[in-house]
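Asker: Sequence first, predicted model second:
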Amino acid sequence: MLDSIQAIIDRLFAPEILLTASIVLLLLFFKYRKFCTQNKWMIMLILGGPVVYFALSAFEENFWIQFSKPDNLPITLMLWLVIFFVWLAMRKGVENDERVAAGMPVAEDTKEQKEKVFVWPDLIYIEFLMLLAVFIGILVWSILIPAPLEEPANPQLTPNPSKAPWYFLGLQEILVYFDPWLAGVVIPSLIVIGLMALPYIDPNPRGNGYYTFSERRYEIPIFLFGFLILWILLVFQGTFLRGPNWNFYGPYEYWDVHKIVPLTNVQLSEYIWARLLGVGLPAFWLVREIFGIILLLMYFVALPVLLARKWFNKFYVQMGAVRYGIAVFLFLMMVFVPIKMYLRWMINLKYFVALPEFFFNI
Amino acid sequence: MGRIKNSFNELTRSSMWKSVFRHKLPRDDKNRALAILTNVFFHLHPVRIRKQGVRISYTWCMGGLSFFLFLVLTVTGILLMFYYRPTTQHAYPDMLDLSESATLGLMREMHRWSAHLMIITVWLHMLRVFLTGSYKPPREFNWVVGVVLMVLTLLLSFTGYLLPWDQLAMWAVTVGSNMARATPFMGVEGPGAQLMQLGNVPLITAGSDVRFVLLAGRFVGEGALLRFYVLHCIGIPFVFVLLLAVHFWRVRRDGGISGPGKGGPLPL
C-alpha cells in the first residue's frame, strides 16, 4: 500500500508532470486568489501542506538521504519561505484590491499608516530584534550542524552526479534541453539583462508602493512564472530529483548509478528530411537546417509583429516599437524554455537547428 | 536601582560621554532625531518615516537581513583568513585544522550557513521589491543596482565554493566554469569561436579562451584556487561595497522606502 503510494508520488514528480502541475497550480492560485488567501482550510493546506509532506516523507529512507544533507537544508527552508511570502503578498494584494473596489484607500495608505513615526525607536528596534533573531538562528544552526567537508579534491575522480552550486541548478537543469552556450551563457545573461530592463519595459505606472494583483495582472503572473517555475522549481528539481548521470529520480527512489534511461532524441532536420520527405539529409548545412531556421525566425521575428498587430497591440501602442521589441523578445525567450522542454517530452526533439560544425545548436 | 540610575546619569553628564554622543538619551523627539542624525550608521535612515514603511509585513525585513548577513560573512571571513592558505597543498589540511584544532571553531559553519541564507534573503528581497512595485519610477535605477548586487552575491558564493578544496568544491566549480567554454566568440567550444582568427592563427584556444582567463589554467587547479581566493576576499567585495553604498544612498535619495503616492520624481 505504502509502496504503491510512493511509486505514484515518484511518478508525479517526473519533470514533465511536475512542470505541468506547477503551472496549473500557479494559474489556479491566481484565479482563485481570494479563496486561497482567505479560506481557513486553504491557508492550512498551502502553508501547512508542504511541512506535513516533508515531515512524513522524512521517515522514508531514500528521501531522508537527500533531505538531510546539510547543504540541502537551506533549500528546503527556501522552498517554504518562497511559498509563504508569495502567499502573504497575494493575501495583502487581494485585500487591497477589495479596498480599492470599495472606494477605500489601500491598506498602506490609510490615515493611520500615513502618520510618521520616529526611526528611533520604531524602526531601529525592529531591525535590532530581527538581526538578533537571525544571528541566534545562525549560531544554533552552526552548533548543531557542522559544515560538510568531503574527500580532498581529486581531478582524477569525477563524482556522479557532478552538480554546480545549488543556486545554479536551475541552469544545469535546462542544460538537459539546451546546448551549453544557451543554458550556460546566453540564458543566464538574458535573465540578468531582462531583470535590469524590467523597470524600463514595464509600462504600467500603477501598483507602486503597495501590494496589489488586479492593477498588475500581466506583470505579476509573468514575473512569478519566471521566478517560481523557471527558477525556484528547477533549483528544487536539480537538487532533489536529479541523481547519477543527471537522470531523474523520484523523491523516494534510490539513486541507482546503473539506472538506464534510453536516449532517443531526434533532430528536427531528421524528422523533416528523413521521416517526412523520405530522403537523406542534404550535405550543405544551410539546406539541411533550413526548416529549423525558418521556424525560429517565425518565432522570434514574425510572431512579435503578429502579436503587435493583434493580442499585444495595446502594449505596442503604449510602449513604442523599441521598448515593445525588447520586451517581447525577452518574453518569447522566457517562454521558449518550457516550449523546448515540452517538445523534448512529446516528440523527443533534440534541436531545432543543429550545426555541430559551428557549435551552434538551438 | 536608584544608585545605578544616578551614577548612569552622572556618566552621561561627563565631558567624555558628551564627546562621543552629541545628544541626550533619546527620550524626547529632539534627541530621537539627534540619535539618528549624529550617528553615521543610523544615518542611513531618515529621522522619521511613515508607519507603513516600518511594518514588517510590508518590508519582510529582507534587505536589511541581507546586509546583516553580509556583515556576518565579512567578520567570519576575516577570521577564516587567519587560518587559511589558498594553495593546493595547504587548503584542505587547513580546513581539517579549522574543524579539529581551532577552539570553539564555528566560523566556517557560520560562514557557510550565512552564505546560503544570504542568497535566499537576497532573492526574497527582490521578490518583495517586485511585488510592491518598488522598482517603478523613481526607483528604476536602484533596481538595476540591486540586480547587479544579486549577481555579485551569487559570484561571491561561487568563488567561495572552491576554497575548501574538497571534491564538492572542485567539481561544482568545474561544472560551473565548463559553461564558459561555450561562450559565443570567446569560448573554445562556443559558436563563432572559429571566426576569431588572425590569418590562420586561431585567437580562441583552450589556452586563451574566457574559461582559461577565469581559471588561470586549462582545469581547476592551483591558479584557479588563488584567483578565486583573491576575487572572493578582495575583488568582488570591493565592488560589492561600492555598489552597496550606491544602493543605500539611492534608497534615501529616491524618497526612502516605497509607499503609495510616493511615485513622483523627487526635487533635488
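Answerer: Great, that's in hand.
Asker: alpha carbons only for contacts and neighbour counts from here, please
Answerer: Noted.
Asker: give me every residue that touches A:Gln66.
Answerer: A:Asn72, A:Phe240 (CA atoms under 8 Å, 6 or more residues apart in numbering or on different chains).
Asker: List the buried residues for the strand or helix carrying it?
Answerer: Using DSSP states H and E, A:Gln66 falls within helix A:61-67. Buried residues in helix A:61-67, defined by neighbour count with 16 or more other CA atoms under 10 Å in any protein chain shown: A:Asn62, A:Phe63, A:Trp64, A:Gln66, A:Phe67.
Asker: Let's have those residues in CSV, adding pLDDT.
Answerer: Listed next are those as CSV, based on pLDDT from 0 to 100:
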residue, pLDDT
A:Asn62, 94
A:Phe63, 95
A:Trp64, 96
A:Gln66, 94
A:Phe67, 93
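Asker: related to what we said a few turns ago, after the helix holding A:Gln66, which helix or strand is next? Please name it.
Answerer: Trace forward from helix A:61-67 with DSSP H and E and the next one is helix A:73-101.
Asker: tell me the mean pLDDT for that following helix?
Answerer: Mean per-residue pLDDT for helix A:73-101: 96.
Asker: Does it reach chain B?
Answerer: Yes - residues of helix A:73-101 contacting chain B under CA under 8 Å from any CA of the partner chain: A:Pro74, A:Met78, A:Val82, A:Phe85, A:Ala89.
Asker: which intervals of chain B have sub-threshold pLDDT?
Answerer: Within chain B, the ranges that satisfy pLDDT under 70 run B:1, B:262-268.
Asker: What residue, apart from its backbone neighbours, is nearest A:Val51 spatially?
Answerer: Closest residue to A:Val51 apart from its sequence neighbours, by CA to CA, 6 or more residues apart in numbering or on different chains: A:Trp80 at 7.8 Å.
Asker: So that neighbour sits against A:Pro50, correct?
Answerer: Yes - the pair A:Trp80 / A:Pro50 is scored as a contact, 7.2 Å apart, by CA atoms under 8 Å.
Asker: Distance check, A:Leu307 against A:Val328.
Answerer: According to CA to CA, to the nearest Å, A:Leu307 stands 9 Å off from A:Val328.
Asker: Could you do B:Tyr135 as well?
Answerer: Applying CA to CA to B:Tyr135 and A:Val328 gives a distance of 20 Å.
Asker: shared neighbours, A:Trp80 and A:Pro50?
Answerer: Counting by CA under 8 Å, 6+ apart, A:Trp80 and A:Pro50 have no shared contacts at all.
Asker: Show me what the helix or strand B:Arg108 falls within is packed up against.
Answerer: Using DSSP H and E, the element containing B:Arg108 is helix B:107-131. Judged by 3 or more CA pairs under 8 Å, 6 or more residues apart in numbering or on different chains; DSSP states H and E, helix B:107-131 is in contact with helix A:73-101, helix A:119-144, helix B:62-81, helix B:140-162.
Asker: Work out which residue lies at the spatial centre of the chain.
Answerer: You didn't say which chain, so I picked chain A. A:Leu230 (2.0 Å; CA atoms, centre = their mean).
Asker: Actually, chain B is the one I wanted.
Answerer: B:Phe70 (4.8 Å).
Asker: Skipping its backbone neighbours, what lies nearest that residue in space?
Answerer: B:Met118 (7.2 Å).
Asker: all strands of chain A, in order?
Answerer: A:116-118, A:354-355, A:360-361 (DSSP state E).
Asker: strand partners of the first one, parallel vs antiparallel please.
Answerer: Looking at strand A:116-118 with DSSP bridges, its partner strands are strand B:48-50 (antiparallel).
Asker: Contacts made by the strand it pairs with with the rest, please.
Answerer: The contact list for strand B:48-50, computed with CA under 8 Å, 6+ apart, reads A:Gln113, A:Lys114, A:Glu115, A:Lys116, A:Val117, A:Phe118, A:Val119, B:Ala33.
Asker: again, but for stretch B:104-117
Answerer: A:74, A:138-139, A:141-143, A:145-147, B:69, B:72-73, B:76-77, B:79-80, B:98-99, B:157.
Asker: Okay, buried residues for it please.
Answerer: For stretch B:104-117, the neighbour count (16+ other CA under 10 Å) marks B:105-117 as buried.
Asker: now the residue nearest to the centre of chain B: how far from chain A?
Answerer: 12 Å (CA to the nearest CA, to the nearest Å).
Asker: measure that residue to B:Asn142 for me?
Answerer: Distance from B:Phe70 to B:Asn142, counting by CA to CA: 19 Å.
Asker: thinking again about what came up before, what's the most buried one of the helices and strands packed on helix B:107-131?
Answerer: Of all the helices and strands packed on helix B:107-131, helix B:140-162 has the most neighbours on average by mean count of other CA atoms under 10 Å in any protein chain shown, namely a mean of 20.
Asker: out of the helices and strands packed on helix B:107-131, which comes closest to A:Lys31?
Answerer: Nearest to A:Lys31, of all the helices and strands packed on helix B:107-131, is helix A:73-101, at 11.4 Å by CA to CA.
Asker: Can you check what angle separates that closest one from helix B:107-131?
Answerer: Regarding helix A:73-101 and helix B:107-131, their directions subtend 20 degrees when assessed with axes from the mean of the first three to the mean of the last three CA atoms, to 10 degrees.
Asker: what's stretch B:85-93 in contact with?
Answerer: With CA under 8 Å, 6+ apart, stretch B:85-93 has contacts from A:Pro152, B:Tyr84, B:Asp94, B:Leu163, B:Pro164, B:Trp165, B:Asp166, B:Gly221, B:Glu222, B:Leu225, B:Leu226, B:Tyr229.
Asker: Could you rerun that using 10 Å?
Answerer: A:149-153, B:83-84, B:94-95, B:98, B:163-166, B:221-230 (CA atoms under 10 Å, 6 or more residues apart in numbering or on different chains).
Asker: Just the buried ones from those?
Answerer: By 16+ other CA under 10 Å, the contacts of stretch B:85-93 give A:149, A:152-153, B:84, B:94-95, B:98, B:163-166, B:221, B:223-230 as buried.
Asker: related to what we said a few turns ago, compare neighbour counts for A:Leu307 and A:Val328 and give me the winner.
Answerer: Ranked by neighbour count (other CA atoms under 10 Å in any protein chain shown), A:Leu307 and A:Val328 place A:Val328 first, with 22 against 15.
Asker: With adjacent residues omitted, what lies nearest to the more buried one?
Answerer: Ranked by CA to CA, 6+ apart and with sequence neighbours excluded, the top spatial neighbour of A:Val328 is A:Pro304, at 6.5 Å.
Asker: any idea how far A:Ile220 is from the one you found?
Answerer: Computed as CA to CA, the A:Pro304 to A:Ile220 distance reads 21 Å.
Asker: Then B:Tyr83 would be within a helix, right?
Answerer: No - per DSSP: H, G, I helix; E, B strand; the rest coil, B:Tyr83 lies outside any helix segment and is coil.
Asker: Chain A versus that one, what's the distance?
Answerer: Applying CA to the nearest CA to B:Tyr83 and chain A gives a distance of 16 Å.
Asker: any idea what sits nearest that residue, other than its immediate chain neighbours?
Answerer: Per CA to CA, 6+ apart, closest to B:Tyr83 is B:Asp94, 6.6 Å.
Asker: Could you report the distance from the one you found to A:Asp10?
Answerer: Distance from B:Asp94 to A:Asp10, by CA to CA: 42 Å.
Asker: again, but for A:Leu330
Answerer: Distance, A:Leu330 to A:Asp10, using CA to CA: 34 Å.
Asker: Please apply the same query to A:Ile23.
Answerer: For A:Ile23, the distance to A:Asp10 - CA to CA - is 19 Å.
Asker: What are the boundaries of the strands in the stretch 151-268 of chain B?
Answerer: B:197-198, B:201-202 (DSSP state E, counting those that start in this stretch).
Asker: will you turn those into a markdown table that also has mean neighbour count and distance to A:Val106?
Answerer: Shown next, in a markdown table, are those (neighbours: other CA atoms under 10 Å in any protein chain shown; distance: least, CA to CA, whole Å):
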| stretch | mean neighbour count | distance to A:Val106 |
| --- | --- | --- |
| strand B:197-198 | 10 | 61 |
| strand B:201-202 | 12 | 62 |
